[in-house]
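1. give me the fold of what follows.
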Amino acid sequence: TPDTAITTVPNSATEFHVYAADWTAESIKFYVDDKLFYTYANSSTTPFNQNFFLILNLAMGGNFGGTIDPNFTSAIFEVDYVRVYN
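-> Numbers count the residues shown, from 1 in each chain. All right, here's what the predicted structure looks like:
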């Protein structure tokens, strides 16, 4: 079983929220609006001590998220800002 977590963000379609990932050598901690909801520990089977890319996208279809309404025609994917610290 993969080591994953799911959280629900109230009003995610109508309000901005702050999503954060605090990445250290020991773990990646994931936050929504400054509230920790998941910690992923570094391990030899899934190391994350190498360079990665950050991708922000709106993906639709496939098996994740459910069926898309056939009347759906468009959506807005709005990002207020992205900050990356090293």
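2. name the residue most distant from the centre of the chain?
-> Seen from the C-alpha centroid of the chain, the residue lying at the greatest distance (CA atoms, centre = their mean) is N71, 26.9 Å away.
3. what distance do you get for that one to D34?
-> 37 Å (CB to CB, to the nearest Å). Bear in mind the C-beta positions are built from the backbone N, C-alpha and C, glycine included.
4. again, but for F52
-> The gap separating F52 from D34 is 23 Å, by CB to CB.
5. and stretch 9-23, average pLDDT?
-> In this model, stretch 9-23 carries a mean pLDDT of 92.
6. now do the end-to-end distance for it.
-> 21 Å (CA to CA, to the nearest Å).
7. name the SS class of A20, please.
-> Using DSSP: H, G, I helix; E, B strand; the rest coil, the secondary structure recorded for A20 is strand.
8. next, the residue nearest to it when sequence neighbours are not counted: phi, psi?
-> Nearest residue to A20, sequence neighbours excluded (CB to CB, 6 or more residues apart in numbering): Y31, at 4.2 Å. Torsion angles at Y31 (phi, psi; degrees, to the nearest 10) stand at phi -130, psi 150.
9. so which residue is dead centre in this protein?
-> Y19 (7.3 Å).
10. now do the same for the residue farthest from the centre of the chain: its pLDDT.
-> So, for N71, pLDDT stands at 93.
11. quick one, what contacts it?
-> If a contact means CB atoms under 8 Å, 6 or more residues apart in numbering, then N71 has no contacts.
12. any idea how far D34 is from Y81?
-> 16 Å.
13. now the residue nearest to the centre of the chain. Nearest residue, chain neighbours left out?
-> Setting aside the residues directly before and after it, Y19 is nearest to V32 in space (CB to CB, 6+ apart), at 5.7 Å.
14. neighbours around that neighbour, how many?
-> 17 (other CB atoms under 10 Å).
15. my guess is the residue nearest to A20 contacts V9. True?
-> No. Using CB atoms under 8 Å, Y31 makes no contact with V9, being 11.3 Å away.
16. compare these two and say which one has the larger neighbour count.
-> Using other CB under 10 Å as the criterion, Y31 and V9 rank with Y31 on top: 15 against 12.
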